[in-house]
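Novice: Here's my sequence, what's the structure:
(one chain, ligands or ions: 1)
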Amino acid sequence: MKVRAMQKKDIADVITIEQSANQFPWTEKNFEDSLAAGHHAWVFCHDSDKIFGYTIVQSVIDEAHLLNICVSPADQGQGWGRKILNHVIDFSLSIPSSLIVLEVRGSNHRAQQLYLQSGFNEMSVRKDYYPAENGREDAILMGMDMTFLV
Ligand SMILES: CC(C)(COP(=O)(O)OP(=O)(O)OC[C@H]1O[C@@H](n2cnc3c(N)ncnc32)[C@H](O)[C@@H]1OP(=O)(O)O)[C@@H](O)C(=O)NCCC(=O)NCCS
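Specialist: Model (predicted):
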């Protein structure tokens, strides 16, 4: 697995994965804005240099906000998501952050399992936060207290 900073030229490949892995994907502009805003963004590649996953983290004072994490559907269920999340945790330990926070759809049990197993806890629920197929869906706000890891 290779890891490198996401660049503008990667967005076309990233969008292809984003659209195939999410019912409500980020737009191209969301990714462009994230890079322009200086968020921390990485792509994860196979040895062939083909991108199979990515993540974006916003650093806000002493918090790291996990804005996006995704693995291509063909590569899911093989441990890559956990590796990408570990990269985020390692990065958050390298900057002055005391907390990693994220929002996850109430229906996204796969991602919730990954976060819970990695040491995140449920902090609160944001009612009707996301658009959903039949109206709106709650977001679960999860956090990992980094002060326990240092
Ligand atoms: C969530 C996501 C990043 C996980 O990546 P992944 O590579 O499939 O996950 P891994 O193979 O590393 O599995 C990690 C853990 O996730 C959970 N998991 C994986 N596949 C699962 C499945 N089919 N059902 C339930 N839980 C599952 C398990 O807890 C697993 O740990 P285990 O294998 O030790 O039991 C990936 O499914 C994805 O990109 N989904 C679409 C985008 C998304 O939902 N992003 C999160 C937004 S908050």
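Novice: C-alpha only now, for contacts and for neighbours.
Specialist: Noted.
Novice: For this structure, which segments count as helices?
Specialist: If DSSP state H is used as the criterion, the helices of the chain fall at 11-21, 28-36, 80-94, 109-117.
Novice: residue contacts, the residue lying closest to residue 44 once chain neighbours are set aside?
Specialist: Once flanking residues are discounted, residue 44 sits nearest to residue 3: 4.7 Å by CA to CA, 6 or more residues apart in numbering. By CA atoms under 8 Å, 6 or more residues apart in numbering, the residues touching residue 3 are 42, 43, 44, 45.
Novice: Which two of these have the greatest separation?
Specialist: Pairwise distances across these (CA to CA) peak at 9.8 Å, for the pair 42 and 45.
Novice: Show me what from this structure comes close to the ligand.
Specialist: 21-22, 69-71, 76-82, 103-104, 110-111, 113-114 (CA under 6 Å from any ligand atom).
Novice: thinking again about what came up before, quick one: which of the contacts of residue 3 is nearest the ligand?
Specialist: residue 44 (11.5 Å; CA to the nearest ligand atom).
Novice: if I pick the closest one, what's in contact with it?
Specialist: 1, 2, 3, 4, 51, 52, 53, 54, 84.
Novice: TSV please, covering these and showing pLDDT.
Specialist: Shown next, in TSV, are those (pLDDT from 0 to 100):
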residue	pLDDT
1	92
2	97
3	98
4	98
51	98
52	98
53	98
54	99
84	98
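Novice: which one of these is nearest residue 145?
Specialist: Distances from residue 145 to the contacts of residue 44, taken by CA to CA, are shortest for residue 84, at 18.3 Å.
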